[in-house]
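Q: With the input below, show me the fold.
(one chain, ligands or ions: 2)
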Amino acid sequence: MGRVGIGYDAHRLVTGRKLVLGGVVIPSEKGLLGHSDGDVLLHAIADALLGAAGERDIGHFFPNSDPRWEGASSLIFLEEVRELLKRAGWVVENLDASLIAEAPKIGPYLEAMRAAIGRALGIELTRIGIKATTNEGMGFPGRGEGMAAMAVASLEKA
Ligand SMILES: Nc1ccn([C@@H]2O[C@H](COP(=O)(O)O)[C@@H](O)[C@H]2O)c(=O)n1
Ligand SMILES: C[C@@]1(CO)OP(=O)(O)OP(=O)(O)OC[C@H]1O
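A: Numbering: from 1, shown residues only. Ligands and ions are numbered 1, 2, ... in the order given. Modelled structure (predicted):
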């Protein structure tokens, strides 16, 4: 019997930070603030996977008080989640994520993101959906103050 999980995250956009989304560095004047690289998309995906497995969230496993994760690539979190799922006997059936960001357009980077996520989790690209929408100028994503992401994941017993 399969299990599903949901994840949501949001990070502030600031100058002087690299913009990393889905494990890919994207040219941008601003980047996401965070203790790690601030990769809002990967954080939502990690939480969806952890939730589906009935585990606690990303902040529990990778606390922002731990200097090991300062500036860390969030792909590391997915690699760690992969090991946790493996130990518990889960395989990823599929995951799907949506980024809410006014700019930049992520279309040119989608395949690189799917490839990075697929490598980190050891799953086929056909199991990974990544999408984006603007917030039509409304609220914090619409004003360009930050980005948000939501994700769902489905697991099966190995
Ligand atoms: N950061 C983004 C936002 C949107 N897209 C693509 O543009 C399409 C139209 O966006 P709307 O918010 O006007 O619906 C959307 O469907 C995405 O294909 C994007 O690539 N990056
Ligand atoms: C990823 C962690 C750890 O570096 O920090 P941030 O990059 O700030 O991200 P957030 O989604 O706020 O919380 C999870 C944290 O534990």
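Q: which regions of the protein lie under the pLDDT threshold?
A: Within the chain, no range satisfies pLDDT under 70.
Q: what are the ranges of the strands in it?
A: Using DSSP state E, the strands of the chain run over 3-15, 19-21, 24-26, 30-32, 90-100, 128-133, 146-157.
Q: Let me have those strands in JSON lines, extended by distance to residue 84 and mean neighbour count.
A: The way it works is simple: take the backbone N, C-alpha and C, and place the C-beta from them, glycine included. What follows is the strands of the chain, written out as JSON lines (distance: least, C-beta to C-beta, whole Å; neighbours: other C-beta atoms under 10 Å):
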{"stretch": "strand 3-15", "distance to residue 84": "13", "mean neighbour count": "17"}
{"stretch": "strand 19-21", "distance to residue 84": "22", "mean neighbour count": "25"}
{"stretch": "strand 24-26", "distance to residue 84": "24", "mean neighbour count": "17"}
{"stretch": "strand 30-32", "distance to residue 84": "24", "mean neighbour count": "22"}
{"stretch": "strand 90-100", "distance to residue 84": "9", "mean neighbour count": "19"}
{"stretch": "strand 128-133", "distance to residue 84": "18", "mean neighbour count": "17"}
{"stretch": "strand 146-157", "distance to residue 84": "11", "mean neighbour count": "21"}
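Q: Let me have the ones you listed in CSV, extended by distance to residue 67.
A: Converted to CSV, those look like this (distance: least, C-beta to C-beta, whole Å):
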stretch, distance to residue 67
strand 3-15, 19
strand 19-21, 19
strand 24-26, 22
strand 30-32, 19
strand 90-100, 28
strand 128-133, 30
strand 146-157, 24
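Q: Residue 43 is nearest to which of those strands?
A: Residue 43 lies closest, by C-beta to C-beta, to one member of the strands of the chain: strand 3-15, at 4.0 Å.
Q: Okay then, goodbye and thanks.
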